[in-house]
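Trainee: Just to be clear, the model below is a prediction. Sequence and coordinates:
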Number of protein chains: 2
Amino acid sequence: MNADQNSRRKFIKNISLGSAASIISYPMLSSCAAPQQNKDKLGIALVGLGYYSTDLLAPTLQETKHAYLAGIVTGTPEKETAWKDKYGIAEKNIYNYDNFDEIANNPDIDIIYVVLPNSMHAEYTIRAAKAGKHVICEKPMALNAQECESMIKACKENNVALSIGYRMHFEPNTQEVMRIGQEQVLGAVQMVCAGAGYRETRKDHWKLKKAMGGGAMMDMGVYSLQAARYVTGEEPIAVTAQEFRIRKELFTEVEETLTFQLEFPSGALANLHTSFGMNMNYLDVRTEKGYIKLDPFSSYNNINGSTSEKTLNLPQVNQQATQMDEVAVCIKEGKPLRVTGEEGLKDMKVVDAIYRSIAEGNRVSLV
Amino acid sequence: MNADQNSRRKFIKNISLGSAASIISYPMLSSCAAPQQNKDKLGIALVGLGYYSTDLLAPTLQETKHAYLAGIVTGTPEKETAWKDKYGIAEKNIYNYDNFDEIANNPDIDIIYVVLPNSMHAEYTIRAAKAGKHVICEKPMALNAQECESMIKACKENNVALSIGYRMHFEPNTQEVMRIGQEQVLGAVQMVCAGAGYRETRKDHWKLKKAMGGGAMMDMGVYSLQAARYVTGEEPIAVTAQEFRIRKELFTEVEETLTFQLEFPSGALANLHTSFGMNMNYLDVRTEKGYIKLDPFSSYNNINGSTSEKTLNLPQVNQQATQMDEVAVCIKEGKPLRVTGEEGLKDMKVVDAIYRSIAEGNRVSLV
């Protein structure tokens, strides 16, 4: 660990977010630009009021210590009323997609959390940046690496922070798995196997539409991919991928199931899968001296696992609360973010290569 | 379960091999041809006195109830003396590779167990069959499916039994996993992940030589492949495979690590790996309603696992004893074998397709 990493680690350890923060060790941090005015809690506006905003983020923002639900952006007038009543959101903090850019003039909104379909991530992240607002963008960051780069550029140019909604980075057991893998506590990581999927049965959902950024890889596969990257702490140098489609009538545009392999510089391999055809959620890592397992590994709660040496029984946290609170603290204090736009970009480079490998039937080199 | 399967199951249940046999449920059985003379124990001759014969089979044959170590075939004169002294083998039951075929005239030898390098399996199985002896042949059955077919043909023509050394079929916890998977106790099997490997460091071993039948797939990969087949109870309809070679100086002829995917008629998938570069041994099965895990899954002992509903704690057995005793009983009584040559052939058809997929860079259809 170099001095820079060490000082980052010390900083992260000192953030007062409760017990979870004390074991944080993930080194992918970069500085966000614009320290905020001295607010106690930063105001977050949720853009897109689907399931994740409704059932996870909004309730969580009633508990967070450093952020609160200040505003919403929705194209559905009924939701405006319902959310205003339920959460006491000020009328002036409610936007639709026509007047979204006026959010630039609203000092109540510090952070815009983009929770839209994947195809809209880039547009709304860039518009939020141009409105001078910090951004949290849900995963996957965008449709492809090129979009990610334009999002990062827009946020830099407008001096705003950009974080990606990788909540597992804020989960204590996952952080311990990262530490064990990256610090080679059980020797070098040799093989990572992970499966993330659920059975999708909705016929008209945007996740089944290619243009909207649908597909199992985009939605669930990024968890398997993330796991391989955060356990090894390495970037893959090559990718191979295979597609399997059983319910051809449902999956006319996007993949139902993918398997994919990642080669890492150290020689570690990952053999991963993701699916809209089956429920699965597990991570199995084989190291020189043992194993690390999480089952489930990317659920909202009950992250459960063990290594060849011990049971992982670190506290279960509200992952979204831990995530949003830490992002808010970093922005308030002008400190480096745990999960940056660059981190999202790294994944999308691999996702691009996975789709290219399937299209071309080849191994795709990433170096 | 049809009537034929039911009667087979009843038969197997009635074989008096101790507690292990009482939970046997694997339906891949076929009749062997020639009931033996009324011997209490059948005489086995081991061909090839390497590690597996020396450390596992010979000691085990001192414990078996229905078979005993009657003879040996070796090309090393010193081994003749050492084994004769250690196990009290009669001089007339010791053969070398020049006089091997004279074994035809030796009534002490009922079964020839071929434990030679893989490239010699076909030749010695066929010569054993022509000598009128029943055969157990170690896994993998041969170099390719074509050799397997000639072995099966020779055994049929000479009216002798042919079994393959898949000891996991005789292991109670593995049998329970087969039952749970095949009978869909936890719903249909959807994804099978298995890894089998060890770190090979010997520079001149035959397992590194292609012509000798070397390679991780041949040696360890067949365990992963077997698992996918015995958990689903299905034959794959297509194969994709990828090769990874880190220690290029050691693996000049054969693969160090393979990942491979199997598509099954039911829609189940397997994403498997095998390696001579890393130690790993685990099976993870995701079903509609839960999971089945074994870790390790193909070791000689301490088979350990659980499902989403229970811990698997069936008795640990001497797998080789259970295997050889059951084969001997089947031969004595002219009853169907649990693991036939056809079972070995099924694997080698897939192995052939795996190598073809790697050579061609394509999905290989098996139907």
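Mentor: Yes, it's here. Numbers count the residues shown, from 1 in each chain, chains lettered A, B, ... in the order given.
Trainee: Show the pLDDT at A:K39.
Mentor: On pLDDT, A:K39 comes in at 86.
Trainee: Quick one: name the residues of chain A near chain B.
Mentor: Chain A has residues A:190-191, A:193, A:195, A:240, A:242, A:244, A:246, A:257, A:259, A:261, A:263, A:267, A:269, A:271-273, A:275, A:277-280, A:282, A:284, A:286, A:288, A:291, A:295, A:361-363 near chain B, with proximity defined as C-beta under 8 Å from any C-beta of the partner chain. Every residue, glycine included, has its C-beta placed from N, CA and C.
Trainee: Return a PyMOL selection command for the buried portion of those residues.
Mentor: Selection of buried members from these for PyMOL, criterion 16 or more other C-beta atoms under 10 Å in any protein chain shown:
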select buried, chain A and resi 190+191+193+195+240+242+244+246+257+259+261+263+267+269+271+272+273+275+277+278+279+280+282+284+286+291+295+363
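Trainee: Mind checking which of the residues of chain A next to chain B land in helices?
Mentor: Per DSSP state H, helices hold no members of the residues of chain A next to chain B.
Trainee: Just the endpoints, please. Distance across stretch A:68-86?
Mentor: Taking C-alpha to C-alpha, to the nearest Å, stretch A:68-86 runs 14 Å from one end to the other.
Trainee: Now do it: everything it contacts.
Mentor: By C-beta atoms under 8 Å, 6 or more residues apart in numbering or on different chains, the residues outside stretch A:68-86 that reach it are A:41-49, A:57-58, A:61-62, A:87, A:89-91, A:93-97, A:100, A:103, A:106, A:108-110, A:112.
Trainee: And those, which of them are buried?
Mentor: Listed as buried from the contacts of stretch A:68-86 are A:41-49, A:57-58, A:61, A:87, A:89, A:93-95, A:97, A:100, A:103, A:106, A:108-110, A:112; burial here means 16+ other C-beta under 10 Å.
Trainee: Inside helices: which ones of the residues you listed?
Mentor: A:58, A:87.
Trainee: neighbours around the residue lying closest to A:E253 once chain neighbours are set aside, how many?
Mentor: Among residues not flanking A:E253 along the chain, A:K210 sits closest, at 4.2 Å (C-beta to C-beta, 6 or more residues apart in numbering or on different chains). Residues near A:K210, counting by other C-beta atoms under 10 Å in any protein chain shown, number 14.
Trainee: Please verify my assumption that A:K210 contacts A:E255.
Mentor: No: using C-beta atoms under 8 Å, A:K210 makes no contact with A:E255, being 9.5 Å away.
Trainee: one step back: can you tell me which of the buried ones among the contacts of stretch A:68-86 are in strands?
Mentor: Among those, the ones falling in strands (DSSP state E) are A:42-47, A:94-95, A:112.
Trainee: pLDDT wise, what is whichever residue of the stretch 1-150 of chain A sits closest to chain B at?
Mentor: Closest contact between the stretch 1-150 of chain A and chain B, by C-beta to the nearest C-beta, is at A:P140 (21.3 Å). A:P140 is assigned 98 on the pLDDT scale.
Trainee: Next up, the contacts around it.
Mentor: For A:P140, the contacting residues are A:118, A:121, A:213, A:218-219, A:222, A:344, A:347-348, A:351, by C-beta under 8 Å, 6+ apart.
Trainee: Just want the phi and psi numbers for A:E253.
Mentor: The phi and psi values for A:E253, taken as degrees, to the nearest 10, are phi -120, psi -30.
Trainee: Now A:Y52: closest residue in space, sequence neighbours ignored.
Mentor: Here the residue nearest A:Y52, using C-beta to C-beta, 6+ apart, is A:V115, at 5.5 Å.
Trainee: Please give me every residue in contact with the one you found.
Mentor: A:46-50, A:52-53, A:57, A:138, A:165.
Trainee: and A:V350, what does it touch?
Mentor: By C-beta under 8 Å, 6+ apart, the contact list for A:V350 reads A:225, A:229, A:236, A:239, A:262, A:366.
Trainee: Out of these, which comes closest to A:M178?
Mentor: Within the contacts of A:V350, the smallest distance to A:M178 is 9.7 Å, found for A:R229 (C-beta to C-beta).
Trainee: Show me how far the host helix or strand of the closest one is from its chain's centre.
Mentor: Applying DSSP states H and E as the criterion places A:R229 in helix A:222-232. Mean C-alpha position of helix A:222-232 versus that of the full chain (C-alpha atoms, centre = their mean, to the nearest Å) differs by 11 Å.
Trainee: Domain ranges for chain A, per the record?
Mentor: Using automatic domain parsing, the domain parsing of chain A gives A:19-167+A:322-340, A:172-316.
Trainee: can you redo those as a markdown table with distance to B:G132?
Mentor: Putting the domains of chain A into a markdown table (distance: least, C-beta to C-beta, whole Å) gives the following:
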| stretch | distance to B:G132 |
| --- | --- |
| domain A:19-167+A:322-340 | 65 |
| domain A:172-316 | 46 |
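Trainee: Which of the ones you listed comes out lowest on mean pLDDT?
Mentor: Within those, the stretch with the lowest mean pLDDT is domain A:19-167+A:322-340, showing a mean of 91.
Trainee: Work out the gap between that domain and the centre of the chain.
Mentor: Here domain A:19-167+A:322-340 is found 12 Å from its chain centre; the criterion is C-alpha atoms, centre = their mean.
Trainee: Tell me which two of the contacts of A:V115 sit farthest apart.
Mentor: Maximum distance among the contacts of A:V115 (C-beta to C-beta): 15.4 Å, for A:L49 and A:G165.
Trainee: Find the centremost residue of chain A, please.
Mentor: In chain A, the C-alpha closest to the average C-alpha coordinate belongs to A:Y166, at a distance of 2.3 Å (C-alpha atoms, centre = their mean).
Trainee: That one contacts A:A227, correct?
Mentor: No: the pair A:Y166 and A:A227 does not pass the contact test of C-beta under 8 Å, sitting 10.8 Å apart.
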